[in-house]
Structure formats: structure tokens, C-alpha cells
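what's the 3D shape of this:
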Amino acid sequence: KLIVLFPFEVSWYKKRGIGVKYFGHPLIDLNPNPKTNKKNPNTIALFPGSRDQEIDKHLPLFKKTIAHLKNINESFSFLLCLAPEINIKKIKRFIDSTGVSVTTSSNEAFQNSSAAIIASGTATLEAAIAQTPTVVIYKTSIISWIIAKYFLSLKFVSIVNILANKEIFKELLQRDAQPKKIASEVVLSLKNSKEIINKLSKITKTLGRGSAYRQAAQFIIKY
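From the prediction side, this is the model:
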């Protein structure tokens, strides 16, 4: 038997003769009651990724994007969410020059922001569950990008868009990941937040009602 994380995996494996069980996604338990009326309507959460190369690529991009957003609205503030293993001393210059607040809790970041800029990864799914309009970005080396494009034929990179089979979170990747574009899409996401949140609610309903780990454990014991 195979326990899967996403609803679209069930039919894919069944067609290939593999017994599948789906209990929902465990991330639902991290944020069971998302706040649609956030405390800080002008706070933008920033998720640069967890790997060193992601930090190196995305922080300079974030710095320029912050400048563009500040030009649009001086009241914008920013909350940088770092993976616990990231050495904060390494990015002290970025923090000092931008004045961003810092947290290591993604739940805190989402509960206290009204939009987010996220390096493509698991955090985009957390954003959907937290009902936070998001712009997905990603920059990598040219060689890595060419290899990825060669092997992958996916229409989207964000799991949220893959689940919806349409673009809910704007994706700005590689050359498209430009500060001015990102800033414009953040403002647009805030403007269309109600519509985006409604779409995110439909997606999260497909991810179960919670207790995926408990249900999986009970199944394994009985099996």
C-alpha cells in the first residue's frame, strides 16, 4: 500500500495497479483556522528558501523589490521568514539595510501578513492553507534551469497551481523574476485578495480535514 500526500496522486497510482490511501495533507494541522482578516494589512511576508544558494539568489532580489514596493506605498512593512538552520549573522547586512523583521515561524509570518513573496517550495502550500495571496519566485543558475526545463514538462512549478490546474499564485521565474514585476504582482494580489482567498479555500478543502498523520498511523497499525 502507498500513502500519498495529494489527491491527484490517487488516480495516477491506481491506474498503474498500486493500492493507494489518501488521508489528506499533514500541513493542514499546522494552520487549521486561517485568519482572512490579517493583523497587518500592509505587511508582506518574504520566504527566500532554505538552501544557501537560494538565499544568495533571492535576498538581492528581495532587497530591490522592497525598494519598489516602498516607492508604491511607504507604509509597507516586511517580515522575513528564515529556516531555523540559516545563520542570521550571514544576512545581517540585508536585515540592517532593509529594516525587515525576522521570524523562523512560517505560521507567524502568514498570520501577520496579507501577502507573500515565496521562493517556490513547500511554503507555497502553507500560504494556500493560511489563505495568503502569494507571488511565487525562483532564480537559479542558468545550467540548473536548462536541465530542469529539459526534464520537466510541468505547466506550473507551484504545487498550489498544480493542484488547481491553473495559475492562482503568479509565478515569476528566472528572467521573469524582476523586482518591478514582482512588486506590481504583489500590489495586484492585495487588490484581488478576496478572489484569491476564495480560490485557495476550494483548494484546501481537497487536502483533508486534518489528522493525516494520525489516520496514516492507524491505517499502518491495522494493516
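
you'd agree Leu61 is in a helix?
Yes. According to DSSP: H, G, I helix; E, B strand; the rest coil, Leu61 belongs to a helix.

Show the subsequent helix or strand relative to the worst-scoring helix or strand of the chain on mean pLDDT.
The least trusted helix or strand in the chain, going by mean pLDDT, DSSP states H and E, turns out to be helix 142-151, with a mean of 60. Next helix or strand after helix 142-151 toward the C-terminus (DSSP states H and E): helix 159-164.

what residues does that following helix touch?
Contacts with helix 159-164, where a contact means C-beta atoms under 8 Å, 6 or more residues apart in numbering, come from 6-8, 122, 124-125, 127-128, 134, 136, 154-156, 167-169, 171, 199-200, 202-203, 206. The C-beta positions use only the backbone N, C-alpha and C, and glycine is treated the same way.

I'd like to know which elements the helix or strand that it is followed by is packed against.
Counting by DSSP H and E, the next helix or strand C-terminal to helix 159-164 is strand 170-173. Helices and strands touching strand 170-173, by 3 or more C-beta pairs under 8 Å, 6 or more residues apart in numbering; DSSP states H and E, are strand 134-138, helix 179-191.

hang on, the earlier thing: whichever of the contacts of helix 159-164 end up buried, select them in ChimeraX.
Restricted to buried positions by 16 or more other C-beta atoms under 10 Å, the ChimeraX selection for the contacts of helix 159-164 reads:
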select :6,124,125,127,128,134,136,156,168,169,171,199,200,203
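
Could you check the pLDDT of the most centrally placed residue in the chain?
Taking C-alpha atoms, centre = their mean as the criterion, Thr124 is the residue nearest the geometric centre of the chain, at 1.7 Å. Predicted confidence (pLDDT) at Thr124: the value is 96.
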